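Novice: Here's a sequence, model it:
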Amino acid sequence: MAKYKGDSTRSIHQGERRIKPCDSITTPVVQSSTFPFENTQAICDFFDGKVQRVEEYGRYGNFTQHVAEEKLKELDRGEAALLFSSGMSAVTTTLLALLNIRSHIIFTSDCYKKTRQFATEVLEKYQVDTSIVEPDVEKIEAAIKDNTRIIFSESPTNPYLNVLDLKALVQLAHRKKIMTIIDSTFASPYNQRPIEFGIDLVIHSCTKYLGGHNDLIAGVAIGPAQQIEKIKQYQGILGPIPSPWTCYLLIRGLKTFALRMARHNHNGIEVARFLEGQKKAERVHYPGLESHPHHHIARKQMNGYGGVVSFELKGDREAASRFVDNLNLFYITPSFGGPESLVSQPAVMTYYELDEQQRKKKGIKDNLVRLSVGLEDAEDLIDDLRQAFDRL
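Specialist: The predicted model follows:
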């Protein structure tokens, strides 16, 4: 297979057979739970590694899945990729495969809520020691123990778009002989490729930018082939596999990945600049803005800043809710990375079960609004935001 220079070419051609089944131009959906052998000798040859056959049983792989994985590993410049049924199953299966009892793992404080819940409610239940610290290399170093095995962070993070200095993190981890894992969903491989900085493993929720159409749920882990194979053994036991149809939709979405990301980046910075000029917006969180505390880091390690923009409205929880309700183009729902623009108020949606003091303790302000800027025309999105401010 040729090595392609550009992300668009990689997304379209990587992993594809030139001549496909039924002479189709698109990779087919191989909707099969199992794959028969010609005879018993063929089984022996398969397990002895004498044949190039990949498929045996659907829980261990599928032709459509392998094509998607080839594209994803190339986009992130990794050796191997493994697809999962969701982003969270990619996180949980990876960590279960790599951690042992009484190991210590460090998470950063504004990782995805469910990732932190997995740390405190599941890993600690099985005697894995966890620490949750601010997304800062010095704070991470201070939390390292003799039994620390993994440092896990998002970058950028959710919902404040904090950016971790990957180069400094890798230097620390190499010095301490600790594995690093970055959930790079908010960046996507178009804007950031942590493996190129020396990060060991990268995880994405393919539900977001990679799938790109708000119509699938999947996750992926990317990294050295030896580590991915170890994780795959656990996946075969636990069973969090993607369906062939999901893989087909992911392949389809990836073919426009670079085009979509360029538009998300453009719309994101345009909306962020508009919000920063609004008197009713108290503070805007977007790493592409010079006002962001990690802008200098983002400029060094990112090619663009994505379509997620968070901001704090001047006012209380009710004012933020009124603003959200005033929007016409933005759908009120979680997630991001699709063509449609979305909006959520974390205090009402993601952290609804906590009271105000509990939310403050977790850094979630009642007046925080998170926008997922889609692929619409930037001027229409800004007009919608403007009228929502005017009606407050």
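Novice: Going by C-alpha atoms from here, please, whenever you check contacts or count neighbours.
Specialist: OK.
Novice: how long is stretch 360-379 from one end to the other?
Specialist: Using Cα to Cα, to the nearest Å, one end of stretch 360-379 lies 34 Å from the other.
Novice: Find the residue ranges of the protein scoring beneath the pLDDT cut-off.
Specialist: Low-confidence segments of the chain (pLDDT under 70): 1-2, 53-54, 352, 355, 362.
Novice: domain ranges for it?
Specialist: Here the domain parsing of the chain from automatic domain parsing is 7-30+61-254, 257-390.
Novice: Mind jotting down where the strands sit in the stretch 201-350 of the chain?
Specialist: 201-205, 219-223, 281-285, 308-313, 331-332, 342-344 (DSSP state E, counting those that start in this stretch).
Novice: Adding distance to Asp384 and mean neighbour count as columns, could you present these in CSV?
Specialist: Listed next are the strands of the stretch 201-350 of the chain as CSV, based on distance: least, Cα to Cα, whole Å; neighbours: other Cα atoms under 10 Å:
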stretch, distance to Asp384, mean neighbour count
strand 201-205, 28, 26
strand 219-223, 32, 27
strand 281-285, 15, 20
strand 308-313, 15, 24
strand 331-332, 12, 16
strand 342-344, 12, 23
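Novice: Relative to Tyr57, which of those strands is closest?
Specialist: Nearest to Tyr57, of all the strands of the stretch 201-350 of the chain, is strand 219-223, at 19.7 Å by Cα to Cα.
Novice: elements contacting the closest one?
Specialist: Applying 3 or more Cα pairs under 8 Å, 6 or more residues apart in numbering; DSSP states H and E, one finds that strand 219-223 contacts helix 63-75, strand 80-84, helix 87-98, strand 201-205.
Novice: on that earlier part again, which among the strands of the stretch 201-350 of the chain is found nearest to Thr64?
Specialist: When those are compared by Cα to Cα, strand 219-223 sits nearest Thr64, at 14.5 Å.
Novice: what angle separates the closest one from helix 63-75?
Specialist: For strand 219-223 against helix 63-75, the angle by axes from the mean of the first three to the mean of the last three Cα atoms, to 10 degrees is 50 degrees.
Novice: Residues contacting strand 219-223, please?
Specialist: 72-73, 76, 78-91, 94, 195, 200-207, 228 (Cα atoms under 8 Å, 6 or more residues apart in numbering).
Novice: cool, and stretch 4-22?
Specialist: 1, 25-28, 66-72, 74-75, 190, 254-259.
Novice: how distant is it from the center of its chain?
Specialist: Distance, stretch centre to chain centre, for stretch 4-22: 23 Å (Cα atoms, centre = their mean, to the nearest Å).
Novice: and what of stretch 201-217?
Specialist: Put simply, stretch 201-217 sits 6 Å off its chain's centre (Cα atoms, centre = their mean).
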